[in-house]
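A.B. asks: Pasting the sequence and the predicted model now:
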Amino acid sequence: MQNRTIIDHVQPQINQGRFPIKRVVGERVAVSATIFGDSHDYLRAVVAYRRAGADSWEENELTEGSNDLWTGQFTVTEQGMYDYKLVGWVDHLKTWHKGFKKKYADGQDMAIELQIGANYLSELGDAHEGAAHKEIMAATKKLGGPKAKAVAYVLSDDFSKVLERYPLRRHETAYDLGLKVKVARPKERFSAWYELFTRSTSPELNRSGTFKDVESLLPRVQELGFDVLYMPPVHPVGYRNRKGRNNATEALAGEPGSPWAIGAKEGGHKSILPELGDIEDYKALMVKCKDYGMEVALDLAFQCAPDHPYIEAHPEWFIWRPDGSIMYAENPPKKYQDIVPINFETEDWKALWAELLSVTLYWCEAGIRIFRVDNPHTKPYRFWEYIIRETNEKYPDVIFLAEAFTRPAIMAELAKRGFQQSYTYFTWRNTAAEMREYLEELTTTELREYMQPNFWPNTPDILAYEMMGANENQFVKRLLLAATLSSSYGVYGPSYEIMENRGNTNGKEEYYDSEKYVARHYDWSYRNRITNTYTKINQLRRTHPALQQTNNITFTDTTNPNLLSYVKYSDDRRSMIWCVVNFDPHNPQDGYCAVPKVLLEGAHQFQVRELLTGASYRWNGEANYVRLDPGYWPAHVFEVIL
Ligand SMILES: O=P(O)(O)O[C@H]1O[C@H](CO)[C@@H](O[C@H]2O[C@H](CO)[C@@H](O)[C@H](O)[C@H]2O)[C@H](O)[C@H]1O
């Protein structure tokens, strides 16, 4: 083998290319590698990329930095799969050119050097056709002309440009592991979710809310600025072992049960709970949502109430105990007596997988393009890989959000296997230092390539200790943090905006009298500081590309540990948003925030415009003073104007 270039430590790649990295249309893939040769010869390298299956590759040259670190990038412009690889070689022509200049400076006779160069050039010319061939051959000819003229030409910028444009590529080394980028629609990266229970949307007391009632709330949700409407499962709820108020293991007559207890005589995962409406109403809601710039997310909970039709039709898909009873589900220490888990180790797994795939396809056919997946970490990874791959094959726009609050490795694996969005530990990062550390983990490690976070200050399952008894400032603060730190975020809205902060009496991080077991009656005309903040921050997110992505974020030091300072920026850096958040919800805090000099290109002065209040300030290039009164705004959201 005559190739003499080593390409190592190629980034990004996930498990040697076993899994694709993720991007959305229009984003950049920055690549890096350690590239070196076995001599002083001149190396060149490119990143080559193409739409998967395309015949030809496009290439962008890599740039050499210090210690043999080479970097480059390419932009993905279409949805679907891309391939990429790195290619490097010794460029003898450039090596010769470098030597030529040194020898000339040394006063050596250049006649033989001109001949060597002409030989390389004619080899190069043979490798090209058309205009390129003509241009190279013209250059070759000039090297054979009068010596003084030829030397001057070789030393000219024009000649250097020819060498840059047409590298002499011999004995290439390709780092080609079948690396892939899965490119999705922008929504995958940038979304604002609003969660509500359908049955709680009725304007009348003592009547279950319906899809039609939800429709009448769409102008409100639109005004609040959200673009994904997520409703917990909409399927028939089991009667057997139905849960009652406050997670009681027996429901009282008339209690609606937990919507996650799917399946009853009215049907299973492909049916609609009749109290909410029918499939046509659901489809109509999806269409109406579109008119309001929103999409409906369906809750995909692969588990069954004990009276789900699957149990009678496919007893082999479930786990039976020695006494003949069916095993109920758990996510220790939580007990879900009203549901039974599916046995993914069943002999009949192929039929089971096919049936469950038919569930996602059924809803896609009905119009769903976003699934929030309940408890994915209690099902096999391979199963999810199959479901997501097969669904995306037919419906490339479909997004799956993994609701897995579990150990980091498991959450990461689910994202690798294909989940496009993931719930995170945001809810439990309480101090400025903890938040910075967590964001740096998400955005500067390999996770940035495949795990797309979705930050939730609350969910119907989670009232974090931090939020128990929390004041209004704390609600505004967590909302602003979620909406500015992560490009995708969500709220269990109706509860958040009434600032529900009463914890369960069992000492767990749960709501007292949770809406999971009862229907509620909300005053949907309600507006307050929280709803105003939704509207404001969602509008800023829509107008500032810096907030439409998560990974481009730089934290800057502050002189006060209660203050968190971070700058977010778009790939082209034309949009730059600098946030400072006061983590103390009770007292004003002040301090200095350091300037991220590299990002601001060493500017000595620049302007920041406060987007929540409209105030403008002239800032210096070192560190700037801020004071945040949480009762006014617990955060600054500055637009940086350079
Ligand atoms: O286990 P997780 O914390 O990930 O929670 C998710 O899955 C739960 C099971 O589906 C779900 O729990 C709710 O539904 C259960 C089944 O009806 C019921 O027994 C639980 O009491 C109820 O909380 C949870 O909401 C979901 O987020």
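C.D. replies: That came through fine. This structure is a prediction, so every number in the text was calculated from the model and none was measured.
A.B. asks: All the strands of the stretch 251-400 of the chain, in order from the start?
C.D. replies: Using DSSP state E, counting those that start in this stretch, the strands found in the stretch 251-400 of the chain span residues 295-300, 329-331, 334-336, 370-374, 399-403.
A.B. asks: Give the other helices and strands that the second one contacts.
C.D. replies: For strand 329-331, not one helix or strand is in contact under the criterion 3 or more CB pairs under 8 Å, 6 or more residues apart in numbering; DSSP states H and E. Bear in mind the C-beta positions are built from the backbone N, C-alpha and C, glycine included.
A.B. asks: what's the answer for the last one, then?
C.D. replies: Packing contacts for strand 399-403, counted by 3+ CB pairs under 8 Å, 6+ apart, involve strand 370-374, helix 381-394, helix 408-417, strand 421-423.
A.B. asks: need those in a markdown table with mean neighbour count, can you?
C.D. replies: Below are the helices and strands packed on strand 399-403 laid out as a markdown table (neighbours: other CB atoms under 10 Å):
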| stretch | mean neighbour count |
| --- | --- |
| strand 370-374 | 24 |
| helix 381-394 | 17 |
| helix 408-417 | 19 |
| strand 421-423 | 24 |
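A.B. asks: before we move on, the earlier item: please identify the most buried of the strands of the stretch 251-400 of the chain.
C.D. replies: Among those, ranked by average contacts under mean count of other CB atoms under 10 Å, first place goes to strand 399-403 (a mean of 25).
A.B. asks: So which residues make contact with it?
C.D. replies: Applying CB atoms under 8 Å, 6 or more residues apart in numbering, the external contacts of strand 399-403 come out as 184, 187-188, 191, 297, 300, 369-377, 384, 387-388, 391, 411, 414-415, 418-423, 454.
A.B. asks: Can you tell me which residues in this structure are near the ligand?
C.D. replies: Selection of the chain residues close to the ligand by CB under 6 Å from any ligand atom yields 243, 247, 258, 260-261, 301, 303, 331, 334, 336, 338-339, 374-375, 403, 405, 461, 516.
A.B. asks: Give me the buried subset of those residues.
C.D. replies: 243, 247, 258, 260-261, 301, 303, 336, 338-339, 374-375, 403, 405, 461, 516 (16 or more other CB atoms under 10 Å).
A.B. asks: Nearest to Asp55, out of those: which one, please.
C.D. replies: Glu403 (41.3 Å; CB to CB).
A.B. asks: Give me the pLDDT for that closest one.
C.D. replies: The confidence metric pLDDT takes the value 98 at Glu403.
A.B. asks: and if you look at Tyr282?
C.D. replies: For Tyr282, the model assigns a pLDDT of 98.
A.B. asks: That one: neighbour count?
C.D. replies: Neighbour count for Tyr282, taken as other CB atoms under 10 Å: 22.
A.B. asks: How about Glu601?
C.D. replies: 10.
A.B. asks: Determine the three-state secondary structure at it.
C.D. replies: Under the three-state scheme (DSSP: H, G, I helix; E, B strand; the rest coil), Glu601 adopts coil.
A.B. asks: That one contacts Val640, doesn't it?
C.D. replies: No - judged on CB atoms under 8 Å, Glu601 makes no contact with Val640 at a distance of 11.2 Å.
A.B. asks: which SSE is whichever residue of the stretch 501-642 of the chain sits closest to the ligand in?
C.D. replies: Nearest to the ligand, among the residues of the stretch 501-642 of the chain, is Lys516, at 4.8 Å (CB to the nearest ligand atom). For Lys516, there is no host helix or strand (DSSP states H and E).
A.B. asks: and what of Leu177?
C.D. replies: Counting by DSSP H and E, Leu177 is part of strand 170-184.
A.B. asks: in its sheet, what does that strand sit against?
C.D. replies: Strand 170-184 has its sheet partners listed here by DSSP bridges as strand 21-24 (parallel), strand 80-90 (antiparallel).
A.B. asks: Find the centremost residue of this structure, please.
C.D. replies: Geometric centre of the chain, nearest residue: Gln452, 2.5 Å, by CA atoms, centre = their mean.
A.B. asks: Now do stretch 203-213: distance from first to last residue.
C.D. replies: Length of stretch 203-213, first residue to last, CA to CA, to the nearest Å: 8 Å.
A.B. asks: Tell me which residues are up against it.
C.D. replies: 197-202, 216, 234, 256, 275-277, 281-282, 284-285, 519, 521, 524.
A.B. asks: How about stretch 53-61?
C.D. replies: Outside stretch 53-61, the residues touching it (CB under 8 Å, 6+ apart) are 44-50, 72-74, 83, 85, 87.
A.B. asks: Of these, which pair is most distant in space?
C.D. replies: In terms of CB to CB, these reach their longest pairwise distance at Arg44 and Asp83, which sit 20.7 Å apart.
A.B. asks: out of these two, which sits in the busier spot?
C.D. replies: Using other CB under 10 Å as the criterion, Arg44 and Asp83 rank with Arg44 on top: 23 against 19.
A.B. asks: Shouldn't that one be within a strand?
C.D. replies: Yes - with three-state DSSP as the criterion, Arg44 is part of a strand.
A.B. asks: For it, list the residues it contacts.
C.D. replies: By CB under 8 Å, 6+ apart, Arg44 lies in contact with 61-62, 88-89, 91, 94, 167, 169.
A.B. asks: for the closest residue to Ile319 other than its chain neighbours, phi and psi?
C.D. replies: With sequence-adjacent residues excluded and distances taken as CB to CB, 6 or more residues apart in numbering, Ile319 is closest to Met327, at 4.4 Å. The phi/psi pair for Met327 (degrees, to the nearest 10) reads phi -80, psi 130.
A.B. asks: pretty sure Asp590 is touching Arg627, no?
C.D. replies: Yes - contact criterion CB under 8 Å: Asp590 and Arg627 qualify, at 3.8 Å.
A.B. asks: one step back: and the residue nearest to Ile319, how many neighbours does it have?
C.D. replies: Neighbours of Met327 using other CB under 10 Å come to 12.
A.B. asks: Surely it is in contact with Ile339?
C.D. replies: No - contact criterion CB under 8 Å: Met327 and Ile339 do not qualify, at 10.4 Å.
A.B. asks: sorry, back to before: what do Asp590 and Arg627 both touch?
C.D. replies: By CB under 8 Å, 6+ apart, no residue touches both Asp590 and Arg627.
A.B. asks: Phi first, then psi, for the closest residue to the ligand within the stretch 51-200 of the chain.
C.D. replies: Nearest to the ligand, among the residues of the stretch 51-200 of the chain, is Glu195, at 10.5 Å (CB to the nearest ligand atom). The phi/psi pair for Glu195 (degrees, to the nearest 10) reads phi -110, psi 130.
A.B. asks: do the same with Lys508
C.D. replies: Dihedral angles (degrees, to the nearest 10) for Lys508: phi -90, psi 170.
A.B. asks: So for it, what's the pLDDT?
C.D. replies: 91.
A.B. asks: That one: neighbouring residues, count only.
C.D. replies: A total of 15 residues lie near Lys508 under the criterion other CB under 10 Å.
A.B. asks: try Ser208
C.D. replies: 19.
A.B. asks: Name the helix or strand for Lys536, please.
C.D. replies: Per DSSP H and E: Lys536 is located in helix 529-543.
A.B. asks: what's in contact with that helix?
C.D. replies: By CB under 8 Å, 6+ apart, helix 529-543 touches 190, 192, 223-226, 472, 475-476, 479-480, 483-484, 487, 491, 493, 496-497, 499, 547-548, 577, 611-612, 637.
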